[in-house]
Structure formats: structure tokens, C-alpha cells
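Student: Please work out how this folds:
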Amino acid sequence: MSESTEQLEFDEAYAGEILGGEKTATVRYDMELPAVGSYVPATTQDGLEFAILKIKRTASVLAVEVPDLLDLFGANYGSSTVHEVVDGVNSHYQKTILPATNVEVIVFEVVST
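Tutor: Purely as a prediction, here's the structure:
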């Protein structure tokens, strides 16, 4: 079942990076992409809303393509290699993500806190 885009849930450790503009993208697996231009609450895993995000760009690509796409989009993600991206995504999902796995990239900006 695909994850809903009524909100974007983040590990609490990323909230500060998102609010500070250090993280402006997320990579997800098996998720329905939000519409570009939509506004989505950012929440922690315990449901605490910490920001409203405006969705700037989205793409469904192979994991191996993510670093180049993030660079093209000018997004801050924190992982610059395919290995780092795959490891990062794998740390949040039970299914193993490989470089040839389709993933969703969401680029956002914080519009309110």
C-alpha cells in the first residue's frame, strides 16, 4: 500500500535541518507523490506538526538517478552518492531498496512553522 501524501512524516532528527533549510528534499519508496504547488504538513513520527511545506518539484526515478536529479533541482538532501541515498532510504523501510529500485523524490520549501 502506498504512503499517503496528506502529510510528510520525518524522523525527529531531521526537523531542525528542514527548518534551517539544510534539507529541502526527501526520497521515499512506494509513495503517492503530492501535487507540485500543494501545501503539506511536515510531522514527526509521533504526529507533531513542525512546518508547512510547499511542494516545488517531484519525480519518480531509479535510486541510482537521485544524486544527479537532486543536483539538477538544486535541492539539499545530505547524501551525495548513490550508496548514501540507498542506505538512507533503507534505514526507513523494511523492504530493501537497490540502485535499480524506483523511488520518489520530493523537493520542498518551508512556508510556515
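
Student: C-alpha from now on. contacts and neighbour counts both.
Tutor: OK.

Student: Chain neighbours aside, what residue packs nearest to the most centrally placed residue in the chain?
Tutor: For the chain, the residue whose C-alpha lies nearest the mean C-alpha position (Cα atoms, centre = their mean) is residue 26; its distance is 1.4 Å. By the measure of Cα to Cα, 6 or more residues apart in numbering, the closest residue to residue 26 outside its immediate chain neighbours is residue 106, 5.3 Å from it.

Student: residue boundaries of the strands in the chain?
Tutor: Listed in chain order, the strands of the chain (DSSP state E) span residues 8-10, 25-28, 39-44, 49-62, 102-112.

Student: tell me the most buried of these?
Tutor: Ranked by average neighbour count under the criterion mean count of other Cα atoms under 10 Å, these are headed by strand 25-28 at a mean of 22.

Student: Pull the distance from it to the chain's centre.
Tutor: For strand 25-28, the separation from the chain centroid amounts to 2 Å (computed by Cα atoms, centre = their mean, to the nearest Å).

Student: for the record, mean pLDDT for it?
Tutor: For strand 25-28, the per-residue pLDDT values average out at 96.

Student: ditto for stretch 99-113
Tutor: If you average the per-residue pLDDT over stretch 99-113, you get 96.

Student: Residues in contact with it: which ones?
Tutor: Judged by Cα atoms under 8 Å, 6 or more residues apart in numbering, the contacts made with stretch 99-113 from elsewhere in the structure are 18-19, 21, 24-31, 33, 50-64, 66, 73, 75, 82-83, 86.
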